[in-house]
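Chemist: just a sequence and a predicted model for now, questions to come.
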Amino acid sequence: MQEDKQLKELLTKWAVQHPSAGFTSQVMQQVTSAYTSNANTPPLYKQRLLKIVFGLFVIVCIVLLILSFTTPATLLFRFNVKLPASYFSQGFSFLITFWIVMFLNLILKKYPVKTA
């Protein structure tokens, strides 16, 4: 309501009652050209490449997990990971915090907070 009054005051002050001739067609031409130029843009990355990288990541994680649980005698090389207990608690705390923030983000996107 307040914006309408301000707009009306500005229009009466500057005496702009009607747009210039051809204004609408010029704007629509720019919108149409911008739309058609963006219509054929290729994605920045290929979907197949993303799937390959994700698959390699999962495979490497599984291999590292298997290697960390096998006994050193069965391997041809030495692979052991000994982490302090505080690393596990920090990792667990991070995962809990991460998922809480993710769920809060989803909730806030679904039900936006209305400000005055």
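Modeler: Yep, it's here.
Chemist: where does pLDDT dip in the protein?
Modeler: Within the chain, the ranges that satisfy pLDDT under 70 run 1-2, 11, 13-20, 34-46, 70-81, 116.
Chemist: name the single longest helix found in it.
Modeler: Across the chain, the longest stretch assigned as helix under DSSP state H is helix 85-110.
Chemist: domain assignment for the protein?
Modeler: 44-82, 83-116 (automatic domain parsing).
Chemist: which one of the ones you listed lies nearest to Ser25?
Modeler: Ser25 sits nearest to domain 44-82 of all the domains of the chain, at 34.0 Å, using C-beta to C-beta. (C-beta placed from N, C-alpha, C; glycine too.)
Chemist: hmm, back to that, of all the domains of the chain, which one is nearest Lys8?
Modeler: Lys8 lies closest to domain 83-116 among these, at 24.2 Å (C-beta to C-beta).
Chemist: circling back to that earlier point, would a markdown table of the domains of the chain with distance to Lys8 and mean neighbour count be doable?
Modeler: Formatted as a markdown table, the domains of the chain follow (distance: least, C-beta to C-beta, whole Å; neighbours: other C-beta atoms under 10 Å):
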| stretch | distance to Lys8 | mean neighbour count |
| --- | --- | --- |
| domain 44-82 | 45 | 9 |
| domain 83-116 | 24 | 9 |
